[in-house]
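In: Got a predicted model here, sequence first, then my questions.
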Amino acid sequence: MPENIAILDIGSNSARISVFAAEKGSAIFLTRKKETCRLSSGMAQDGFLTKESMERTCLSIINLLSLAKQYDCKTIVTAATAAVRNAHNKDEFLQLIKEKTNLSLRVLSGEEEALAGFLGVKTSLSLSDFILIDTGGGSAEISLIKDNALIESISLPIGAVVMTDLFLGHNVIDGDDFFRLLAHISDEINKMSVLNTAMHFPIIALGGPNKTLAKIEKKSKDIHGFTMTQKTVFAVFSDLLSKTLPERELMLGDEKDRADVIIAGLAPLLVLMQRLDSASVTICDHGLEYGLLYEYRKEKNLLSPEEIVF
């Protein structure tokens with residue numbers, strides 16, 4: 001008999017819950033709900049989560065948990081990422097969530113977050129050698145995969161919300177600010193020296209900003225496995241860069257809540273494509289939540305032999 005399992009992901013920009021029906025050898029996606037809560041907003045200056053962002057995110061979590069209750073999920077797998085793990089006052093936030101929801105949030109390390117993203121990709125796309133980038137609101141995880149093995153990963157504090165707060169205005173993008181942003185991101189990405197062995201590798205991209213890019217180009221929400229050339233990526237980005245905030249909101253449609261942070265959110269992908277001279281990027285819509293589901297099913301011995309990839 002299938003068990004409904006909820007995966008609750010508390011990101012730096014948004015919180016989301018995904019519900020799956022799982023049993024031995026099978027896991028079926030049922031539904032997903034997302035709320036933009038901007039947990040990391042205002043954190044870039046001093047490393048502290050603000051009272052407002054914590055309360056806002058707590059309310060979002062309570063709203064999302066109603067979906068788990070609706071689907072009678074006895075199991076709720078939780079994960080909090082960069083905003084929480086990097087916050088000086090993370091214990092205060094975790095205690096707030098515990099008091100209001102009775103949930104004990106699991107805070108992922110950068111390595112654990114990168115591994116979960118890798119597992120989401122490996123269980124849904126067939127590639128053996130690639131670079132994986134997962135861009136969120138607070139960080140970007142970059143991983144090198146060779147011969148189907150995760151060789152090295154790094155978590156960098158270059159997420160969409162944090163970089164916007166540090167470098168960019170929210171309406172018209174100033175040229176000097178934009179180039180300072182690119183220089184900073186380039187310096188951060190160059191910390192991963194192993195990229196020298198991955199020139200011209202294809203890129204797989206996870207995370208809200210990268211998925212939004214694909215939705216703009218494809219004009220569809222069905223973007224899993226969608227591949228874009230470097231030329232196309234740069235053209236769409238240039239179009240976004242030339243727009244005011246209201247114009248970017250029109251371009252993004254249902255994703256308009258990202259319009260103020262989309263430039264900084266896409267910058268890591270652009271820098272990485274240039275750094276590696278990669279011809280294309282493929283978007284994966286099976287990210288962190290699928291990796292966390294895989295880990296849970298493996299722990300509970302719910303994987304069939306052919307499903308095991310790691």
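Out: Done, it's in. Residues are numbered from 1 along each chain as shown.

In: Please count neighbours and contacts with C-alpha atoms only from this point.
Out: Noted.

In: how about the strands in the stretch 151-300 of the chain?
Out: All strands of the stretch 151-300 of the chain, identified by DSSP state E, counting those that start in this stretch, fall at 203-206, 227-229, 280-283.

In: Please identify which of the ones you listed is closest to Glu299.
Out: strand 203-206 (24.2 Å; C-alpha to C-alpha).

In: Quickly run through the sheet partners of that closest one, with directions.
Out: Applying DSSP bridges, strand 203-206 is found paired with strand 130-135 (parallel), strand 280-283 (parallel).

In: Buried deepest among these, which one?
Out: Stretch with highest mean neighbour count among these: strand 130-135 (a mean of 26; mean count of other C-alpha atoms under 10 Å).

In: ok, then the element right after that one?
Out: Proceeding N to C from strand 130-135, the next assigned helix or strand is strand 140-146, under DSSP states H and E.

In: Show me the residue at the heart of this structure, geometrically.
Out: In the chain, the residue lying closest to the centroid (C-alpha atoms, centre = their mean) is Gly207, at 3.1 Å.

In: any idea of the pLDDT on that residue?
Out: Gly207 is assigned 96 on the pLDDT scale.

In: wait, it sits on Asp134?
Out: Yes - counting by C-alpha atoms under 8 Å, Asp134 is a contact partner of Gly207 at 5.1 Å.

In: What count of nearby residues applies to His3?
Out: Not His; residue 3 is Glu. 16 (other C-alpha atoms under 10 Å).

In: Please report how far it lies from Arg297.
Out: 11 Å (C-alpha to C-alpha, to the nearest Å).

In: likewise Ala22?
Out: 8 Å.

In: Report the contact partners of the nearest residue to Arg16 once chain neighbours are set aside.
Out: Excluding the flanking residues, the one nearest Arg16 by C-alpha to C-alpha, 6 or more residues apart in numbering is Lys34, at 4.2 Å. By C-alpha atoms under 8 Å, 6 or more residues apart in numbering, Lys34 lies in contact with 14-17, 64.

In: Need the max-distance pair from those.
Out: The widest separation within those (C-alpha to C-alpha) is 11.3 Å, between Ser14 and Leu64.

In: Need the overlap of contacts for the two.
Out: Both Ser14 and Leu64 are contacted by 34-35, under the criterion C-alpha under 8 Å, 6+ apart.

In: Can you give the distance of the top helix by length along the chain from its chain's centre?
Out: Taking DSSP state H as the criterion, the chain has its longest helix at helix 51-70. Between the centre of helix 51-70 and the centre of its chain there are 19 Å (C-alpha atoms, centre = their mean, to the nearest Å).

In: Now do that helix: which elements does it pack against?
Out: Applying 3 or more C-alpha pairs under 8 Å, 6 or more residues apart in numbering; DSSP states H and E, one finds that helix 51-70 makes contact with strand 14-23, strand 26-36, helix 90-101.

In: quick one: buried residues of that helix?
Out: By neighbour count on 16 or more other C-alpha atoms under 10 Å, the buried set for helix 51-70 is 53-55, 57-61, 64-65, 67-68.

In: could you dump those to TSV with distance to Val161 and pLDDT?
Out: Shown next, in TSV, are the buried residues of helix 51-70 (distance: C-alpha to C-alpha, whole Å; pLDDT from 0 to 100):
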residue	distance to Val161	pLDDT
Ser53	13	96
Met54	15	97
Glu55	18	97
Thr57	15	98
Cys58	18	98
Leu59	20	98
Ser60	18	97
Ile61	19	98
Leu64	22	98
Leu65	24	98
Leu67	26	98
Ala68	28	97
